[in-house]
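**Student:** All I have is the shape, not the residue letters:
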């Protein structure tokens, strides 16, 4: 089933948000407009806006009001992608003879800054101090998380707590805040808002673990990049943490981190980890988060939205690639 | 006269802000703390906080409240410096054999993001929607300005309007908003707040023109980098715009922009532009802005703060390096 079918009821409202994103990214700079158009065309599942809208249905749903929250969160997500790209472009350059001109990185960094600033402008229109607090705290935590992710890179002496701390900040927090803000701004009951926030948090954790598993179990073609890229870039994910003390795996992992892994060794590593218990264990942990998310849905008042939340959570926690 | 002497009345309040900046930059990341300590040690004139505090004296001055605005604005200024550094480091690398590791740029970019986010957290504590609007609009304009500055780079077919548009966004807007926000958050009269905002704008314009003149008239030692760096980096400043159609200057300017200027040619260019009418004309334009700033001060209600504003404006508009 396609994700879009899961929220077909929201179709016209998602279109309103799509239009508003276009407006938001418009400015008096040609460079910015080009970069923004590129971003919009690249699309995206608009998961965060969908969660904002669904959560808002538990309160007084007003699309004119709630669209500002949805646009703001999607812009923050886009801005963080742009800033991640600044670095990823640099990394992809590594083996290449042509060094990408600095202009692009410079424009990309400032484009990210601009999109962040626009996100603020949208949330500014919401006359609700609690919403501002949630958003600014989320942004601080995400930014700290980005730096912690760098600190943790290449470090094999880390544990699952370090991993969970990273994916919480990298993914779960913004999804949790999307659900939370949707509910808060729509004036939903405080208990309902808390359940929705926790729902988003658990879905985000489950989703990111699956993402990290797929980086190891999918084909290069499915991923659009070499399987195992996370490890090759120095990011230690859950399945790797679960096999790192296995004496037949350790030398391969160390080679990957040192950047001296051959193609044969990469295939050997992927073959071994796919056969290991690590993937199953990681899936089980993801599933535990998914079940926790579903329990939060159960605690919500009866209405037609609950099914959508459940379906999206299952979709995100069970996807194959 | 030293700048600090101009606002000695604010000494203890500036110290409170200094402490708060330390607190604001603290986080659970070692990298962030190291980078932040470096920033704090590097100091700075804390011009924006000073303007916030002085403007707030025209309303109900409450340091506990107004310090949040002052800290927020200084953090935004710091974050933009950090992001500018990401690029400057890259540029300094150009001629060097050793390519600086990506880690540093990555950390610097995310450090800037973190400081921006912290700035938001501080302003979030202010329960005043107008303050949020002023700040978010200012940030959008500044970010658009950063990209426009890149677009305008190397372009000799630009006019003074392009230049004024750039320095407005680069410098004048944040100083204007510092004055404006100080007044608004302290609940100063609306007319007073408008005069203070315009005062900040004119001071900022005057200040940036002087800065651009000094890049050409100071010694390499005074600047800590080669005189004429702005042009060598592709930034066309007011004095250059005023001589660019002079047939004896044009070839030198084109060489500077093409990156083919020899050291002898740089000296020739600096000698010629220093003797030209361009510096005098640019100083006159800066002075016009300074006079406009002083007229805004005149329009303010009588009190002891007016003298400080006047003194700082004169200091900023008349400094020799």
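**Tutor:** That came through fine. Since this is a predicted model, take the numbers as computed values, not measurements. Numbering: from 1, shown residues only, chains lettered A, B, ... in the order given.
**Student:** what's the helix or strand for residue A:294?
**Tutor:** Using DSSP states H and E, residue A:294 sits within helix A:277-298.
**Student:** what is the mean pLDDT for that helix?
**Tutor:** Summarised as a single mean, pLDDT over helix A:277-298 is 97.
**Student:** what's the distance between the residue lying closest to residue A:9 once chain neighbours are set aside and residue A:201?
**Tutor:** Among residues not flanking residue A:9 along the chain, residue A:308 sits closest, at 7.3 Å (C-beta to C-beta, 6 or more residues apart in numbering or on different chains). Any C-beta I mention is one placed from the backbone N, CA and C, and that applies to glycine too. Applying C-beta to C-beta, to the nearest Å, the value for residue A:308 to residue A:201 is 18 Å.
**Student:** Looking at the two, which is more packed in?
**Tutor:** Higher neighbour count among residue A:308 and residue A:201: residue A:201, with 23 against 20, using other C-beta atoms under 10 Å in any protein chain shown.
**Student:** What score does that one have for pLDDT?
**Tutor:** 98.
**Student:** same thing with residue A:145?
**Tutor:** What the model reports for residue A:145 is a pLDDT of 90.
**Student:** does it belong to a helix or a strand, and which?
**Tutor:** helix A:129-152.
**Student:** Work out the gap between the helix or strand harbouring residue A:207 and the centre of the chain.
**Tutor:** Assignment of secondary structure by DSSP H and E places residue A:207 within helix A:190-217. Put simply, helix A:190-217 sits 9 Å off its chain's centre (C-alpha atoms, centre = their mean, to the nearest Å).
**Student:** Mind listing what's buried along it?
**Tutor:** Using 16 or more other C-beta atoms under 10 Å in any protein chain shown as the burial criterion, the residues of helix A:190-217 that qualify are A:192-213, A:215-217.
**Student:** Likewise for stretch A:63-74?
**Tutor:** Counting neighbours by 16+ other C-beta under 10 Å, one finds that the buried residues in stretch A:63-74 are A:65-74.
**Student:** Distance from that stretch to the middle of the chain?
**Tutor:** Distance of stretch A:63-74 from the chain centroid (C-alpha atoms, centre = their mean) equals 18 Å.
**Student:** follow-up on the earlier one: in contact with the residue nearest to residue A:9: list those residues for me.
**Tutor:** Residues near residue A:308 by C-beta atoms under 8 Å, 6 or more residues apart in numbering or on different chains: A:6-7, A:9, A:54.
**Student:** how close does it get to residue A:49?
**Tutor:** Counting by C-beta to C-beta, the gap from residue A:308 to residue A:49 is 14 Å.
**Student:** Give me the contact list for stretch A:289-304.
**Tutor:** A:57-58, A:192, A:195-196, A:198-199, A:202-203, A:205-206, A:209, A:306, A:309-310, A:313-314, A:317-318.
**Student:** what's the nearest residue to residue A:196 if we skip its chain neighbours?
**Tutor:** Using C-beta to C-beta, 6+ apart and skipping residues adjacent in sequence, the residue nearest residue A:196 is residue A:179, 4.1 Å away.
**Student:** My guess is the one you found contacts residue A:204. True?
**Tutor:** No. If you go by C-beta atoms under 8 Å, residue A:179 and residue A:204 don't touch, sitting 9.4 Å apart.
**Student:** hmm, back to that, report the contact partners of the residue nearest to residue A:196.
**Tutor:** Residues near residue A:179 by C-beta under 8 Å, 6+ apart: A:51-52, A:54-55, A:196-197, A:199-200.
**Student:** for those, which one is nearest residue A:146?
**Tutor:** In terms of C-beta to C-beta, no member of the contacts of residue A:179 lies closer to residue A:146 than residue A:200, at 19.5 Å.
**Student:** mind listing the strands for chain A?
**Tutor:** Counting by DSSP state E, chain A has no strands at all.
**Student:** Okay, now the unreliable bits of it?
**Tutor:** By pLDDT under 70, the low-scoring segments of chain A are A:1-5, A:87-104, A:320-321.
**Student:** Please render the contacts of residue A:179 as JSON lines that adds distance to residue B:256 to the earlier fields.
**Tutor:** Shown next, in JSON lines, are the contacts of residue A:179 (distance: C-beta to C-beta, whole Å):
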{"residue": "A:51", "distance to residue B:256": "52"}
{"residue": "A:52", "distance to residue B:256": "50"}
{"residue": "A:54", "distance to residue B:256": "57"}
{"residue": "A:55", "distance to residue B:256": "56"}
{"residue": "A:196", "distance to residue B:256": "58"}
{"residue": "A:197", "distance to residue B:256": "56"}
{"residue": "A:199", "distance to residue B:256": "59"}
{"residue": "A:200", "distance to residue B:256": "54"}
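**Student:** Residue B:183 versus the closest residue to residue A:127 other than its chain neighbours, what's the distance?
**Tutor:** In space, not counting the residues next to it along the chain, residue A:127 is nearest to residue B:129; the distance is 5.8 Å by C-beta to C-beta, 6+ apart. Distance, residue B:129 to residue B:183, by C-beta to C-beta: 16 Å.
**Student:** neighbour count winner among the two?
**Tutor:** The residue with more neighbours, out of residue B:129 and residue B:183, is residue B:183; 28 against 15, by other C-beta under 10 Å.
**Student:** contacting residues around that one?
**Tutor:** Contacts for residue B:183 were tallied using C-beta under 8 Å, 6+ apart; they are B:55-56, B:58-59, B:192-193, B:196-197.
**Student:** which residue sits closest to it, ignoring its sequence neighbours?
**Tutor:** The shortest distance from residue B:183 to any non-neighbouring residue, by C-beta to C-beta, 6+ apart, is to residue B:193 (3.8 Å).
**Student:** what residues are up against that neighbour?
**Tutor:** By C-beta under 8 Å, 6+ apart, the residues touching residue B:193 are B:55, B:58, B:180, B:183-184.
**Student:** ok, how many other residues are close to the closest residue to residue A:139 other than its chain neighbours?
**Tutor:** The shortest distance from residue A:139 to any non-neighbouring residue, by C-beta to C-beta, 6+ apart, is to residue B:117 (4.0 Å). Neighbours of residue B:117 under the rule other C-beta under 10 Å: 23.
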